[in-house]
Structures are given as structure tokens and as C-alpha cells.
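Participant: no letters, just coordinates:
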């Protein structure tokens with residue numbers, strides 16, 4: 001989860017990390033949801049940057065799919081501020097090289113999204129990760145969501161077989177994906193992350209789980225049950241500069 005903020009390098013210590021869950025490999029397919037104006041789009045872009053930067057292949061690229069209605073909205077994304085304890089991420093002169101390896105694709109509806117994902121093998125370059133922001137802006141009903149998720153998982157498997165690396169991250173608004181609907185997404189997603197608002201500009205991210213002795217959605221969590229990341233976020237606006245910063249990593253109840 002820390003990779004959403006480009007926080008720390010592997011093995012580095014940080015005073016804001018009270019509980020270290022370790023650095024396991026990324027889940028192959030993840031669904032991240034939260035309330036409106038919680039910084040999801042900013043985290044999606046930062047995660048794309050992190051994947052490119054950490055890739056061992058200097059030609060590997062990440063594809064970021066956005067809804068066409070967001071095109072030209074320069075206030076939509078807020079850069080991640082460095083952690084006050086360890087000062088990461090550190091901005092360097094090499095950053096633009098990494099940003100140039102993020103490919104943005106604007107689409108309009110579920111039909112276009114399905115067509116693009118099904119034709120992903122025709123997209124030029126070594127594309128090793130696919131991020132879809134605001135899935136609920138493309139899909140408005142489960143009948144549209146399920147085929148898209150199935151095609152996204154197939155695309156992840158294609159990337160892994162073709163390039164030996166492939167990750168998919170899908171983001172959406174919690175209200176558009178009720179808890180029971182999110183539970184069905186476990187069919188395709190190894191990890192479901194939930195953003196919750198604490199107060200004012202304070203938020204937390206944790207893994208969402210379901211308990212059932214007989215249900216197929218009862219999958220062992222990838223993180224400790226109480227593990228969470230606290231962060232602050234204020235959106236950008238024409239008059240004020242936005243703010244996004246990690247505050248604490250902990251597993252205390």
C-alpha cells in the first residue's frame with residue numbers, strides 16, 4: 001500500500017511506520033475504492049509512476065485509462081508531498097523520464113473500455129501495467145462491470161505471459177460499488193483496498209475483507225487485519241493548492 005505514495009525504498013526505516021507489513025510482491029489485480037474527493041486519481045497516477053520507476057525494464061510502460069470527461073482538468077491530480085519523517089518521494093531530475101513512460105488513454109463508456117482492453121495486444125510497446133481510474137464513470141450496472149473485470153483479468157494474464165510482468169489496478173467510488181457488489185469482485189481481484197474518511201482532510205487505506213466459512217470470497221488477507229495507512233488530502237482548486245501526504249503506517253486496532 002505504501003507504493004501508492006512512493007513511500008520509502010525497500011528496507012529503509014521511517015519513523016511514521018509503526019508497523020511494517022513487509023515488502024511482498026504486488027497483487028496482480030487490485031480494486032481500490034473510496035468516497036469522492038479522497039485523492040484516488042492522485043494515488044493512481046503516483047502508483048503508475050512508482051511502477052515505472054521500480055521496473056527493471058527501462059522500456060516498460062504503464063497505461064492509465066481515464067474518462068474523457070476528465071481531459072484537460074488540471075486540478076484533478078495533486079502531487080504527493082514527501083513524508084515528513086523520511087522525505088520520500090524525493091523529486092529528482094530523472095523523474096521526467098519516468099513520467100514519459102506513463103501512457104494515458106481517454107475513453108468514454110463501457111463499450112470503448114471493453115474494446116480497448118480486448119485489443120490491448122495491439123497497443124505498441126512493452127506495457128506491463130494497466131490502471132483504470134473511475135470505473136463507475138464507464139460502467140453504471142453490474143452487467144457492464146463484470147465483463148470489464150473479466151477482460152481486465154485476461155489482459156493481466158496476457159501481460160504476464162508476454163512480458164513476464166503484469167499488474168492491473170482498478171479504482172472506483174464506494175457508493176457506486178456497494179459492499180455486496182465489491183464482494184463479487186473477489187472473483188477477479190486478489191486485493192480490495194478501501195479508503196475511509198476520518199475527519200476533515202484525514203483518510204485511511206486498509207484491506208477490505210469478508211468473513212464466511214463457506215463463501216468463495218473468504219480469502220486470506222494479504223495484510224494484517226488491522227493494518228492501515230493514514231494520510232491527509234485536500235483537493236486542488238483554482239485558488240488553493242492541493243495537498244497529499246502519508247502520515248502513519250500502523251496495525252494497531
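Facilitator: Yes, it's here. Just so it is clear, the structure is predicted and the values come from calculations on it, not from any experiment.
Participant: please name the nearest non-neighbouring residue to residue 13.
Facilitator: Among residues not flanking residue 13 along the chain, residue 86 sits closest, at 7.6 Å (CB to CB, 6 or more residues apart in numbering). C-beta here means a position set from N, CA and C on the backbone, and glycine is covered the same way.
Participant: that neighbour: how many residues sit nearby?
Facilitator: Using other CB atoms under 10 Å, residue 86 has 18 other residues around it.
Participant: tell me the secondary structure at it.
Facilitator: coil (DSSP: H, G, I helix; E, B strand; the rest coil).
Participant: confidence score at it?
Facilitator: Listed pLDDT for residue 86 reads 93.
Participant: kindly report the same for the one 4 residues further on.
Facilitator: What the model reports for residue 90 is a pLDDT of 86.
Participant: to which secondary structure element is it assigned?
Facilitator: Assigned by DSSP states H and E, residue 90 belongs to no helix or strand.
Participant: surely it meets residue 83?
Facilitator: No - using CB atoms under 8 Å, residue 90 is not in contact with residue 83; the gap is 10.1 Å.
Participant: more neighbours: these two, which one.
Facilitator: residue 83 (24 against 10).
Participant: and that one, helix, strand or coil?
Facilitator: Put simply, residue 83 is coil when judged by three-state DSSP.
Participant: which intervals of this structure have sub-threshold pLDDT?
Facilitator: Along the chain, segments meeting pLDDT under 70 span 10-11, 22-25, 212-220, 253.
Participant: pull the longest helix from it.
Facilitator: helix 142-163 (DSSP state H).
Participant: which outside residues touch it?
Facilitator: 28-29, 57, 60, 110, 113-114, 117-118, 120-121, 126-130, 132, 135, 138-139, 165-168, 170, 177, 181, 184-185, 187-189 (CB atoms under 8 Å, 6 or more residues apart in numbering).
Participant: could you rerun that using 7 Å?
Facilitator: 28-29, 110, 113-114, 117-118, 120-121, 126-128, 130, 132, 139, 165-168, 170, 181, 185, 188 (CB atoms under 7 Å, 6 or more residues apart in numbering).
Participant: buried residues of that helix, list them for me.
Facilitator: 144-149, 151-153, 155-156, 159, 163 (16 or more other CB atoms under 10 Å).
Participant: now the element after it, going C-ward?
Facilitator: Defined by DSSP H and E, the subsequent element after helix 142-163 is strand 167-173.
Participant: show me what that following strand is packed up against.
Facilitator: Judged by 3 or more CB pairs under 7 Å, 6 or more residues apart in numbering; DSSP states H and E, the packing partners of strand 167-173 are strand 29-34, helix 40-54, strand 126-132, helix 135-138, helix 142-163.
Participant: return the list of strands paired to that strand, each annotated with direction.
Facilitator: strand 29-34 (parallel), strand 126-132 (parallel) (DSSP bridges).
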